[in-house]
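Q: A structural model of the following input is requested.
(one chain, ligands or ions: 3)
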Amino acid sequence: MAPSLHPLIDNGITPGSSSFSGGKLHCRCASDQVEITLNSNVAHNHACGCSKCWKPSGSLFSIVGVVPRDAVSVTANASKLSLVDKEATIQRNACKDCGVHLFGRIEKDHPFKGLDFVHVELSDEKGWQEPQFAGFVSSIIEQGSHPKEMDEVRAKFKAVGLQTYDVLSPVLMDLISTFTAQKSGIRFANL
Ligand SMILES: N[C@@H](CCC(=O)N[C@@H](CS)C(=O)NCC(=O)O)C(=O)O
Ligand SMILES: [Zn+2]
Ligand SMILES: [Zn+2]
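A: Ligands and ions are numbered 1, 2, ... in the order given. Just a heads-up that it's a prediction; the model follows:
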């Protein structure tokens, strides 16, 4: 059987709702779940093949989107959260008991500082923005996917209407490079 990319991708994509304005995420513990309340829909929601983003078991990709950090609050069992990797740019807060990542936050100077990274499949609500593209696709080889499977993986994304990139989408790459240019002193008129 072909490997699962992700349950939210494998059988086609369900569009989100433009009027949806947030909901709750829960970890996968049987009791005393960590609860996160998001007062916003996600943006730039996408499949990520990197080794650092949380994936449901059996899936090759994570689905991860961003929300303004001011829209994120931990509303139950905060004491179960711990940082996965204190050195990483994205400080991923995971449940110590079930391992699910509840939110990732950037504290250092970075183009995406101010945005938290979240996985909407941890919510029971419907209406979250659907995945827009797939990023870090080639990274799945680093986790053991066979290089010869890559055409099939990219074809599957294409079949559900998603573009694939080996880093991020052009919009996000341009944001990162704009930030880097400005850091080096370049000033753009009319941004
Ligand atoms: N090939 C690497 C890529 C890791 C990577 O750069 N991930 C991206 C996408 S989530 C990132 O921005 N990481 C920053 C971080 O994890 O802090 C891997 O799979 O581990
Ligand atoms: Zn948990
Ligand atoms: Zn990632």
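Q: the longest helix anywhere in the chain close to ligand 3?
A: Criterion DSSP state H: the longest helix present in the chain is helix 170-183. No. Helix 170-183 is not in contact with ligand 3 by CB under 5 Å from the ion; minimum separation 12.1 Å. From N, CA and C alone the C-beta is placed, and that goes for glycine too.
Q: tell me the buried residues in that helix?
A: L172 (16 or more other CB atoms under 10 Å).
Q: and it, C-alpha only, in PDB?
A: The C-alpha atoms that make up helix 170-183 are tabulated as PDB, following Å, rounded to 0.1, in the frame of the first residue of the first chain:
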ATOM      1  CA  PRO A 170       7.600  31.500  -3.200                       C
ATOM      2  CA  VAL A 171       5.500  33.900  -1.100                       C
ATOM      3  CA  LEU A 172       7.200  32.700   2.100                       C
ATOM      4  CA  MET A 173      10.700  32.500   0.500                       C
ATOM      5  CA  ASP A 174      10.300  36.100  -0.600                       C
ATOM      6  CA  LEU A 175       9.200  37.200   2.900                       C
ATOM      7  CA  ILE A 176      12.400  35.500   4.300                       C
ATOM      8  CA  SER A 177      14.600  37.100   1.700                       C
ATOM      9  CA  THR A 178      13.000  40.500   2.200                       C
ATOM     10  CA  PHE A 179      13.700  40.300   5.900                       C
ATOM     11  CA  THR A 180      17.300  39.300   5.200                       C
ATOM     12  CA  ALA A 181      17.800  42.100   2.700                       C
ATOM     13  CA  GLN A 182      16.400  44.700   5.200                       C
ATOM     14  CA  LYS A 183      18.700  43.300   7.900                       C
END
